[in-house]
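Asks: mind folding the following:
(2 chains)
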Amino acid sequence: MAPAKHTTEKEYDDIPGTYVFDADRSRLGYHLNMFCMSLMKAENRKAFKENEEKYLDDRFPQLTREQREAILKRQYNRLLELGGNIYFTAKLGASDGHPFQHLAALMTGSTQQDYADLMLRGGRSVEIKGNRSRSGKYANAGSSIVKAEKAKSKSSKGKKRRG
Amino acid sequence: MARIVAGVTSSHVPAIGAAIDNHRTGEPYWQRVFEGFERSKEWIAKIKPDVCIVVYNDHASAFSVEMIPTFALGTATEFPIADEGWGPRPVPIVKGHPELAAHIAQSVILDEFDLTLCNKMEVDHGLTVPLNLMFGSPKEWPCPVIPLAVNVVMYPPPTGHRCFMLGKAIKKAVESYPEDLKVVIFGTGGMSHQISGQRAGLINSKFDHAFLDNLTKNPQKLVKMDHLEYMREAGAEGVEMVMWLIMRGALDDKVDEVYRFYTVPASNTAVGHIILENRKKAAKKSAPKMKRAAARAKIDRVRS
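Replies: The predicted model follows:
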């Protein structure tokens, strides 16, 4: 049995709207994620809330200027770009008392209600143009496990699909 | 001997845990999810496993970015419930099965799967939500649980192939344990979801249904799928479905699908659930049962 083939380095950067948390981001975002971990303790959440800038400067002086700013401004996509991981940054949102869908709405440029409605309608479709591939290389890639009945169902859109 | 009789997969969406903890399971939104597990609860009450092996991932609870083990097996006597930032979930402490866990560790490491062993580990919703879905909310969990935490948070997680082969090694390990134990293995997480970035909210039901179909009938097809395809088609966080392949690898090649449930959404995620049983082997039934004491003696002999 052949093992799954490896993807070439960073090929996943082609996935749109996605920041894959790899070993590089893990290293660059180390202090950022450790800051998020600190918020699991009630006393730390309190100290952070009392004076956010002081908390960051006193306890996480190794944060970069960009990371510090993204934390203070709650720029959740920027946090991911700067090495944050969603399971960690979600702790920042939780400390603010927000449900996760609030964060999801911020990251997707939507309102919480619109985002919740999107999910109830079955979520964001991978079939919508631009949801598979930034470069277009994988725009029609589909999945190796989904049977190719796509050509039929999509023909109504008038787009030609190559096998 | 011990044997794995069945495999269960289930999503482990944290909001499901929150719905249970905040007594919101009766709301229509959540009813739709919980109803899908009613038959599963009856099924597992009939099966009465002696031990469950639960394959799951930690969500920045027991492990942070300081240490990121790819496969971490819980060999402790018990596993406290992690405080994920709003106090530990009000669920029973998870009791382990350190003897079987140690036996699995020894067997699979010698089979070249280099596990990290955890004699102290807290467990989060990744493990406790599937227990709730299958066992409800009892005062104590009905059987010991062996946690197997898989890194799917930092890229790359182990490949589907590696997971499948680890499942096979776990099967071999369990079957070489002399005590007569009935084991059910859980693969948790998934199905399609992306909770990060501008593409958050991605769901791919076609992919999920195909994944469920192949999980039962043709896991080899899933084993070949690379991470890029998981992430592109099933969402960045959907890649955690590789954990289901550990469960599948630990079962026989041919299995019976006894139950399946799928619904969208629970919070940001497609909920998928399947129960697979190994086919009963008539010949094996006549194998002599071994009592606990005799089994222990045999283990001691093997170890010394």
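
Asks: and the strands in the stretch 51-200 of chain B, which stretches?
Replies: Secondary structure of the stretch 51-200 of chain B by DSSP state E, counting those that start in this stretch: the strands cover B:51-56, B:71-74, B:78-79, B:94-95, B:116-118, B:145-150, B:182-188.

Asks: kindly reformat these as TSV containing mean neighbour count, mean pLDDT and distance to chain A.
Replies: (Glycine included, C-beta is placed from N, CA and C.) Formatted as TSV, the strands of the stretch 51-200 of chain B follow (neighbours: other CB atoms under 10 Å in any protein chain shown; pLDDT from 0 to 100; distance: least, CB to the nearest CB, whole Å):
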stretch	mean neighbour count	mean pLDDT	distance to chain A
strand B:51-56	27	98	13
strand B:71-74	24	98	16
strand B:78-79	19	98	17
strand B:94-95	20	98	19
strand B:116-118	18	98	17
strand B:145-150	26	98	13
strand B:182-188	26	98	15
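
Asks: quick one: which of these is nearest residue B:214?
Replies: strand B:182-188 (13.7 Å; CB to CB).

Asks: which helix or strand lies directly C-terminal to the closest one?
Replies: Note on strand B:182-188: by DSSP states H and E, the next helix or strand toward the C-terminus is helix B:205-217.

Asks: packing partners of that next one?
Replies: Contact here means 3 or more CB pairs under 8 Å, 6 or more residues apart in numbering or on different chains; DSSP states H and E; on that basis helix B:205-217 packs against helix B:219-223, helix B:227-234, helix B:242-249, strand B:255-266, strand B:269-278.

Asks: rewinding a little: so which of the strands of the stretch 51-200 of chain B is nearest residue B:277?
Replies: Per CB to CB, nearest to residue B:277 of those: strand B:182-188, 9.6 Å.

Asks: name the residues that touch that closest one?
Replies: Under the criterion CB atoms under 8 Å, 6 or more residues apart in numbering or on different chains, residues B:2-12, B:44, B:47-57, B:100, B:126-127, B:129-130, B:134, B:167, B:170, B:174, B:243-248, B:250-251 lie in contact with strand B:182-188.

Asks: now the buried members of those.
Replies: B:2-12, B:44, B:49-57, B:100, B:126-127, B:129-130, B:134, B:167, B:170, B:174, B:243-248, B:250-251 (16 or more other CB atoms under 10 Å in any protein chain shown).

Asks: residue contacts, residue 33?
Replies: If you meant another chain, say so; for now it's chain A. Residue A:33 is in contact with A:26, A:83, A:84, A:85, A:88, B:60, B:64, B:65, counting by CB under 8 Å, 6+ apart.

Asks: sorry, should have said chain B
Replies: Per CB under 8 Å, 6+ apart, neighbours of residue B:33: B:16, B:19, B:263, B:266, B:271.

Asks: pull the number of nearby residues for residue 32.
Replies: The chain I'm using is chain A. Counted with other CB atoms under 10 Å in any protein chain shown, residues neighbouring residue A:32 total 29.

Asks: actually chain B
Replies: Around residue B:32 there are 14 other residues, counting by other CB under 10 Å.
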